[in-house]
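Chemist: The following comprises the amino acid sequence and a computationally predicted model.
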Amino acid sequence: AQSVTQLDSHVSVSEGTPVLLRCNYSSSYSPSLFWYVQHPNKGLQLLLKYTSAATLVKGINGFEAEFKKSETSFHLTKPSAHMSDAAEYFCVVTTTDKLIFGTGTRLQVFP
Amino acid sequence: ETGVTQSPTHLIKTRGQQVTLRCSSQSGHNTVSWYQQALGQGPQFIFQYYREEENGRGNFPPRFSGLQFPNYSSELNVNALELDDSALYLCASSREASYNEQFFGPGTRLTVL
């Protein structure tokens, strides 16, 4: 069965420092993986997706993620955090008929 | 291009009542998926509608039902509301039953008292 585990429920960084949000996945076949972001009182927005092409995926707003099959990981990174990055981030894996969301990581950015 | 819209934004009901939530899909999309997001949790898949037929269902009881209309808008109906149904209900639209590119609406916050 497919599943994702987000290893940190909260991450705090200072503005201008790197961001790392960790996600491990479990899948019986080659998965499609996504990162979504949810700002307060807003809908979910797709940041980036991996669908078995390049293992390093670039997304919007300077985020990127690397698919590592050997580690079953799909961690989200950004070189320099901005105050506007403060939000809830979800790692997501697809099955044949639905999206499966992780429990989320709340990113706080301090000035 | 109009995005996904949902109505109402907030709703308060009492236990045992019935509720209908509405979703208008993004222009050019014929597929709508519904998710329940409890406080502090990730969204959970309820079901998907494609060309007016249910096209996949998550682990939700039959009192959660839906419809899709010829213009691809959709309704989520929940009967016999329970306290645990309090959540943010999200609608997402996509093309041709795809899960690879879903666009989400802002959600409807349902509170059951």
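Modeler: Looks like it arrived, so ask away.
Chemist: contacting residues around stretch B:60-80?
Modeler: B:16, B:18-25, B:29-32, B:34, B:36, B:44, B:46-47, B:49-54, B:85, B:89, B:91, B:93, B:110 (Cβ atoms under 8 Å, 6 or more residues apart in numbering or on different chains). Where C-beta positions appear, they are placed from N, C-alpha and C, glycine not excepted.
Chemist: What separation do you get for the most centrally placed residue in chain B and chain A?
Modeler: Nearest to the mean C-alpha position of chain B, by Cα atoms, centre = their mean, lies B:Trp34 at 3.3 Å. Noted for B:Trp34: a distance of 11 Å to chain A, by Cβ to the nearest Cβ, to the nearest Å.
Chemist: and whichever strand or helix holds that residue, C-alpha only, in CSV?
Modeler: Assessed by DSSP states H and E, B:Trp34 sits inside strand B:31-37. Output of strand B:31-37 as CSV, limited to C-alpha atoms (Å, rounded to 0.1, in the frame of the first residue of the first chain):
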residue,chain,number,x,y,z
THR,B,31,-13.3,15.7,-12.9
VAL,B,32,-14.0,16.7,-9.3
SER,B,33,-12.5,15.1,-6.2
TRP,B,34,-13.6,15.8,-2.6
TYR,B,35,-11.4,15.6,0.5
GLN,B,36,-12.0,16.0,4.2
GLN,B,37,-9.4,17.7,6.3
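Chemist: Can you name the next helix or strand after that strand?
Modeler: Past strand B:31-37, the next helix or strand by DSSP H and E is strand B:44-50.
Chemist: The following helix or strand past that next one versus strand B:44-50: what angle between them?
Modeler: Where DSSP H and E defines the elements, the next helix or strand beyond strand B:44-50 is strand B:53-57. Calculated by axes from the mean of the first three to the mean of the last three Cα atoms, to 10 degrees, strand B:53-57 forms an angle of 150 degrees with strand B:44-50.
Chemist: Show the average pLDDT along strand B:53-57.
Modeler: Averaged across strand B:53-57, pLDDT comes to 91.
Chemist: who does that strand touch, helix- and strand-wise?
Modeler: strand B:44-50 (3 or more Cβ pairs under 8 Å, 6 or more residues apart in numbering or on different chains; DSSP states H and E).
Chemist: Outside of the strand it packs on itself, list whatever touches it.
Modeler: By Cβ under 8 Å, 6+ apart, strand B:44-50 touches A:97-101, B:30-38, B:54-60, B:64, B:66-68, B:74, B:76, B:96-97.
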